[in-house]
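Participant: take a look and give me a structure for this.
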Amino acid sequence: MKKIQKLIPMLLVAFIMVASQTVFAQDKEAGHKCEKGECVKGITDLTDVQKQKIDELCLAHKKDMTGTKNQIDEKRAHLKTLQAADKADMTAINKTIDEISALNAEQMKKGAAAKQSIRALLTDNQKIIFDANASKGGAGCSHGGGGDAKCSKGQGGKSCCPKGEQPGGCGKK
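Facilitator: Got it, this is the predicted structure:
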């Protein structure tokens, strides 16, 4: 009976830890937005030249971020290996954590630079919409990861998806 009383709290703690990690992982993936049309979601009066330049900037940013994202994934896998060792090397674990942190900072800086490059192409009215959507996670190129960013109706009821594509996933027909 005493064993069961000790086992129940331990199982509860383990369940809470696993559940919190799952939620955290989902939040991280939701932040990857640089699908076609997502960078300027809600801005309906873009010129063709603006659209083309923004698409080029987003594509370049996405390519740039792919390498950094892959490095982070490799470091995280290495960190898991280090942490699972019978005798954990805390020096190596801390070094790997520092490397992941540096790569995350690099990603954030490149994301901020990409956002400013896009912003420089916009009119004052477009910047207002862009900045308002950025706080909702809908504007700008963040992290450059793939994923299935969703299109939604922008201002005026128009979809952010390019012509011929349907809301529910940019790039998907």
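
Participant: which strands or helices does whichever strand or helix holds G111 pack on?
Facilitator: Secondary structure from DSSP states H and E places G111 in helix 90-119. Secondary structure elements in contact with helix 90-119, counted by 3 or more C-beta pairs under 8 Å, 6 or more residues apart in numbering; DSSP states H and E, are helix 48-83, helix 124-134. In this view, the C-beta of every residue, glycine as well, is placed from N, C-alpha and C.

Participant: residues of that helix that come out buried?
Facilitator: By 16 or more other C-beta atoms under 10 Å, the buried positions in helix 90-119 come out as T96, E99, I100, L103, Q107, K110, G111, A114, K115, S117, I118, R119.

Participant: same thing with stretch 60-73?
Facilitator: Those would be H61, K62, D64, M65, T68, K69, Q71, I72, for stretch 60-73 by 16+ other C-beta under 10 Å.

Participant: state the pLDDT value of the fourth one.
Facilitator: Put plainly, it is M65. Per-residue confidence at M65 stands at 93 (pLDDT).

Participant: do the same with the first one
Facilitator: Note for H61: predicted pLDDT of 93.

Participant: could you find the closest non-adjacent residue to it?
Facilitator: A114 (4.1 Å; C-beta to C-beta, 6 or more residues apart in numbering).

Participant: check the third one too.
Facilitator: The shortest distance from D64 to any residue that is not its chain neighbour, by C-beta to C-beta, 6+ apart, is 6.2 Å, and that residue is K110.

Participant: that neighbour contacts T68, correct?
Facilitator: Yes - with contact defined as C-beta atoms under 8 Å, K110 and T68 form a contacting pair (7.4 Å).

Participant: so where's the protein uncertain?
Facilitator: Applying pLDDT under 70 to the chain flags the ranges 1-4, 6-7, 10-15, 17-39, 135-173.

Participant: can you do 90?
Facilitator: Low-confidence segments of the chain (pLDDT under 90): 1-46, 51, 125-173.
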